[in-house]
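> using only what follows, build the 3D model:
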Amino acid sequence: MQKLVPITRLGKFFGGEDFDLDIDMGQEWLEGDMNFTVVLYRIDRYKTKKDDVYGEVVEDGIQFMAPVELKGLVQVMAPTNKFYGSSKVELQEPGNMKFSIYQKQLDDLGVEIFMGDYFGYYETEDRVRYYSVSDDGYVRSDNKHTYGGYKPFYRTIVATYVSENEFRGL
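You can find the predicted model right below:
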């Protein structure tokens, strides 16, 4: 049986009810007013077909779970141009996408996000871009993602743009 210890730091001025109220208000603003939506395409790691020798995924072997719509804050970063030796390489595709989401929404939906999963984000009514999760944003008790050091409450996921040759949705 897991031993649960109540978190009492900040208890004189801030506690569980205050935390829940702040999360509810934040979710109302983010999910209701801002209304950024992405579609999460989770890889089914149990049904995905792998070769017996190296455990690599065979061609067309990736299997997906049902897509899930998520609400959060989307930031598509500008592409970075880099110098390699004396040549400048310019990228024409979008930069990484940062997606911030309340942990409560993931818990309520029973959804987990892992590296390698895909996001679909509609930039316009008729154009969707796909991204692959490169940082799952799992909170390991850093102060940035905890409310005053009280409890973790949101995650920031970083995803990298993928071409249509890699993923086009289901």
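
> what ranges does the protein have for its helices?
16-27, 103-109 (DSSP state H).

> now render the ones you listed as CSV, adding mean neighbour count and distance to Tyr138.
Heads up, the C-betas are built off the backbone N, CA and C, glycines and all. Listed next are the helices of the chain as CSV, based on neighbours: other Cβ atoms under 10 Å; distance: least, Cβ to Cβ, whole Å:
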stretch, mean neighbour count, distance to Tyr138
helix 16-27, 13, 18
helix 103-109, 14, 10
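
> from Tyr138, how far off is the nearest residue to Ser132 once chain neighbours are set aside?
Nearest residue to Ser132, sequence neighbours excluded (Cβ to Cβ, 6 or more residues apart in numbering): Val162, at 5.0 Å. Distance from Val162 to Tyr138, counting by Cβ to Cβ, to the nearest Å: 21 Å.

> picking up where we left off before, these two touch, right, the residue nearest to Ser132 and Ser134?
No. Applying Cβ atoms under 8 Å, one finds Val162 not in contact with Ser134, separated by 10.3 Å.

> those two: who's more crowded?
The neighbour comparison of Val162 against Ser134 (other Cβ atoms under 10 Å) goes to Val162, with 16 against 13.

> quick one: contacts for that one?
Tyr118, Tyr130, Tyr131, Ser132 (Cβ atoms under 8 Å, 6 or more residues apart in numbering).

> kindly recompute the last result at 7 Å.
Tyr130, Tyr131, Ser132 (Cβ atoms under 7 Å, 6 or more residues apart in numbering).
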